[in-house]
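Chemist: Return a 3D structure for these sequence lines:
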Amino acid sequence: MLMVMSEKPSLARLDLNLLVPLDALLTERSVTRAAERLRLSQPALSAALARLRTHFNDPILARRGNTYELTPLAQRLAEYAPTALETARRVFDSQSEWQADASTREFTLYGSDYAFSTVGAVASRLAADRAPGVRFRFMLHTPPVVEDAANRLRSVDGLLIPHGFLHDLPYEDLWSDRWVIVAAASNERARAGLTIDDLAMAHWVFTYQSLTSFTSATRQLQQLGLETPVDAVVESFLALPRYLVGTDRLGLVQGALAPLATASGDIIAVEPPFDVTPLLNALWWHHSHRNDPEHAWMRALFREAGQLLATEHAST
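Modeler: Model (predicted):
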């Protein structure tokens, strides 16, 4: 019987403990800083770096003047190491029985400031009552995160983003929202009620503007043939209204943020003069989390938070 041997090295021959110093070295790009981060001696980190250099047959860190830079191989490793390390942590943190009220798990999610100030805030409050040891880490997504979501979601717990950007990933629908136009309170055209012609002539502030990074409402403006001048692009829905004050510019924010935008009195919110496609907000995650009871608890928490927001939104 012919046996085919794998060319891949056996895991038993790999020192997985080197993942920790590897990740620190790739992040800090300095033996000294990596040692401080891991609370190890500098000789201990230097020894780990020497073993990594032998394993990969690569310097990993290359001196450039008074600093170190990652080699091309190390730059590739920098994409894989955090995922591998987080996956290893999840393996050894897993429990046959999990009690939320006794857990100290940290859930990490990507999203926009809109998602964090709405459903994220509600979910966090719910968790504080039921699982006071559980913590959430909310990180702003970027276009590269969304474009590489299938890979990025391996090392985090989820991405809060509306439908229209991701596919072939499991998701939980949370709640629906609508778009409103915001303008300075001094904007006479906006106060009188905007027309399509007003939109075409106005200058705008967008939150995202690229081929892969956009909002559904701004995409609709383009589909209506409105190639509007954009004076500024600010990747923050909460900050956008401040770019309108004292100008005739227009912007678009979600209806749930309209009360925050108009609270100071120098911003008004008006309904768009066209039928805007509603937003269906969702929580997306990687397939590997499907049978994780802790993750299932978190998904149920966000589902409940979405329902609470939907009820609140319907009553306003």
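Chemist: CA atoms for contacts and neighbours, from now on please.
Modeler: Noted.
Chemist: Tell me which stretches of the protein form strands.
Modeler: For the chain, strands defined by DSSP state E occupy the ranges 61-64, 67-70, 106-111, 135-140, 158-162, 171-177, 179-184, 204-206, 230-233, 250-254, 267-270, 279-284.
Chemist: what are the pairing partners of the fourth one, and which direction each?
Modeler: Sheet pairing here is set by DSSP bridges, and for strand 135-140 it gives strand 106-111 (parallel).
Chemist: Now do the strand it pairs with: everything it contacts.
Modeler: Strand 106-111 is contacted from outside by 134-141, 156-161, using C-alpha atoms under 8 Å, 6 or more residues apart in numbering.
Chemist: Narrow those to those that are buried.
Modeler: 134-136, 138, 140-141, 156-161 (16 or more other C-alpha atoms under 10 Å).
Chemist: Out of those residues, which comes closest to residue 247?
Modeler: residue 140 (28.0 Å; C-alpha to C-alpha).
Chemist: Quick check, pLDDT for the closest one.
Modeler: On the pLDDT scale, residue 140 is placed at 93.
Chemist: Quick check: beta-bridge partners of it?
Modeler: Beta-bridge partners, per DSSP bridges, of residue 140: residue 111.
Chemist: Am I right that it is in contact with residue 114?
Modeler: No - at 10.0 Å, residue 140 does not count as touching residue 114 under the criterion of C-alpha atoms under 8 Å.
Chemist: how many other residues sit next to residue 260?
Modeler: If you count neighbours by other C-alpha atoms under 10 Å, residue 260 ends up with 12.
Chemist: ignore the last one, residue 215
Modeler: 20.
Chemist: residues in contact with stretch 218-231?
Modeler: Counting by C-alpha under 8 Å, 6+ apart, 199-206, 252, 276 sit against stretch 218-231.
Chemist: Pull up the gap between residue 188 and residue 200, please.
Modeler: 16 Å (C-alpha to C-alpha, to the nearest Å).
Chemist: Which residue of these two possesses the greater neighbour count?
Modeler: More neighbours surround residue 200 than the other of residue 188 and residue 200, with 16 against 12 (other C-alpha under 10 Å).
Chemist: any low-confidence regions in the stretch 101-250 of the chain?
Modeler: Along the stretch 101-250 of the chain, the model assigns pLDDT under 70 to residues 209-213.
Chemist: okay, now the domains of the chain?
Modeler: Taking automatic domain parsing as the reference, the chain has its domains at 17-91, 103-175+280-314, 179-277.
Chemist: so who does the residue lying closest to residue 41 once chain neighbours are set aside touch?
Modeler: Excluding its sequence neighbours, the residue lying closest to residue 41 (C-alpha to C-alpha, 6 or more residues apart in numbering) is residue 35, at 5.9 Å. For residue 35, the contact set (C-alpha under 8 Å, 6+ apart) comprises 41-42, 44-45.
Chemist: repeat for residue 133
Modeler: By C-alpha under 8 Å, 6+ apart, the neighbours of residue 133 are 101-105.
Chemist: separation between the residue nearest the centre of the chain and residue 255?
Modeler: Closest to where the C-alpha atoms of the chain average out (C-alpha atoms, centre = their mean) is residue 110, at 2.1 Å. Per C-alpha to C-alpha, residue 110 is found 21 Å from residue 255.
Chemist: likewise residue 189?
Modeler: Taking C-alpha to C-alpha, one finds residue 189 at 20 Å from residue 255.
Chemist: So if I had to pick from those two, which one is more boxed in?
Modeler: residue 255 (19 against 14).
Chemist: and that one, what does it touch?
Modeler: 177-180.
Chemist: Do a quick rundown of the helices in the chain.
Modeler: Along the chain, the segments classed as helices by DSSP state H run 19-28, 31-38, 42-56, 72-93, 113-115, 121-130, 143-147, 149-152, 188-192, 196-201, 216-223, 258-262, 293-314.
Chemist: of the contacts of residue 133, buried ones?
Modeler: Of the contacts of residue 133, not one counts as buried by 16+ other C-alpha under 10 Å.
Chemist: Now tabulate those residues in CSV and tack on distance to residue 29.
Modeler: Output for these, formatted as CSV (distance: C-alpha to C-alpha, whole Å):
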residue, distance to residue 29
101, 39
102, 37
103, 34
104, 30
105, 29
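Chemist: for those, which one is nearest residue 314?
Modeler: Looking across the contacts of residue 133 and measuring by C-alpha to C-alpha, the closest to residue 314 is residue 101, at 31.5 Å.
Chemist: any idea how far the closest one is from residue 133?
Modeler: For residue 101, the distance to residue 133 (C-alpha to C-alpha) stands at 7 Å.
Chemist: One more: residue 46?
Modeler: With distances taken as C-alpha to C-alpha, residue 46 is found 36 Å from residue 133.
Chemist: Check residue 33 too.
Modeler: 30 Å.
Chemist: Number of residues surrounding residue 74?
Modeler: When neighbours are counted by other C-alpha under 10 Å, residue 74 comes out with 21.
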